[in-house]
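Engineer: Give the three-dimensional model of this entry:
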Amino acid sequence: MGGQAERVARALDPDPGASWLPSGCAHVISPGTLNPGRGMREWARSLHAEEDALVMLREGCLYTLATCDETACYALTAGPLALPAATTFRAYQHVS
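Structural biologist: Numbers count the residues shown, from 1 in each chain. Below is the predicted model:
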């Protein structure tokens with residue numbers, strides 16, 4: 001989820017000097033402005049936020065990261081997977 005949050009952040013809030021952007025199409029915004037890219041990036045880089053997500057997932061709950069600006073909301077959601085328990089133990093040995 002952290003990797004996806006970083007990917008969304010790069011798309012929503014690219015560096016104004018990014019080589020793939022046409023000249024003059026991006027500008028620096030003030031810190032108080034709603035910026036969903038910044039919110040995604042800050043979440044992805046926060047160890048505390050990752051721990052919160054893992055606790056929720058371990059408890060069987062969905063975890064949603066949502067951030068908005070004046071025109072849209074962006075959300076990433078993760079949920080726990082219910083995997084079948086292994087019925088037998090198999091040991092493998094690498095033979096060279």
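
Engineer: what about Cys25, how many neighbours?
Structural biologist: 9 (other Cβ atoms under 10 Å). Heads up, the C-betas are built off the backbone N, CA and C, glycines and all.

Engineer: And for Leu57?
Structural biologist: The number of residues near Leu57, taken as other Cβ under 10 Å, comes to 16.

Engineer: Just give me how far the helix or strand containing it sits from the chain centre.
Structural biologist: Assigned by DSSP states H and E, Leu57 belongs to helix 47-58. Remark: helix 47-58 is offset 12 Å from the chain centroid, using Cα atoms, centre = their mean, to the nearest Å.

Engineer: now it: mean pLDDT?
Structural biologist: Here helix 47-58 scores 91 as its mean pLDDT.

Engineer: And the contacts of that helix?
Structural biologist: The contact list for helix 47-58 (Cβ atoms under 8 Å, 6 or more residues apart in numbering) reads Met1, Gly2, Trp43, Leu62, Tyr63, Leu65, Ala78, Gly79, Pro80.

Engineer: ok, 10 Å please
Structural biologist: For helix 47-58, the external contacting residues (Cβ atoms under 10 Å, 6 or more residues apart in numbering) are 1-2, 5, 42-44, 46, 61-65, 76, 78-81.

Engineer: which element follows it toward the C-terminus?
Structural biologist: Downstream of helix 47-58 (by DSSP H and E), the next one is strand 63-68.

Engineer: Format the CA atom coordinates belonging to that next one as CSV.
Structural biologist: Presented in CSV, the C-alpha positions along strand 63-68 are these (Å, rounded to 0.1, in the frame of the first residue of the first chain):
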residue,chain,number,x,y,z
TYR,A,63,-7.9,0.0,6.1
THR,A,64,-8.5,3.0,3.9
LEU,A,65,-6.3,6.0,3.3
ALA,A,66,-8.2,8.9,1.8
THR,A,67,-7.1,12.4,0.9
CYS,A,68,-9.0,15.2,-0.9
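
Engineer: Next, the buried residues of it.
Structural biologist: Tyr63, Leu65, Thr67 (16 or more other Cβ atoms under 10 Å).

Engineer: Kindly reformat those residues as TSV and extend each row with pLDDT and distance to Pro14.
Structural biologist: Putting the buried residues of strand 63-68 into TSV (pLDDT from 0 to 100; distance: Cβ to Cβ, whole Å) gives the following:
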residue	pLDDT	distance to Pro14
Tyr63	94	26
Leu65	93	19
Thr67	91	16
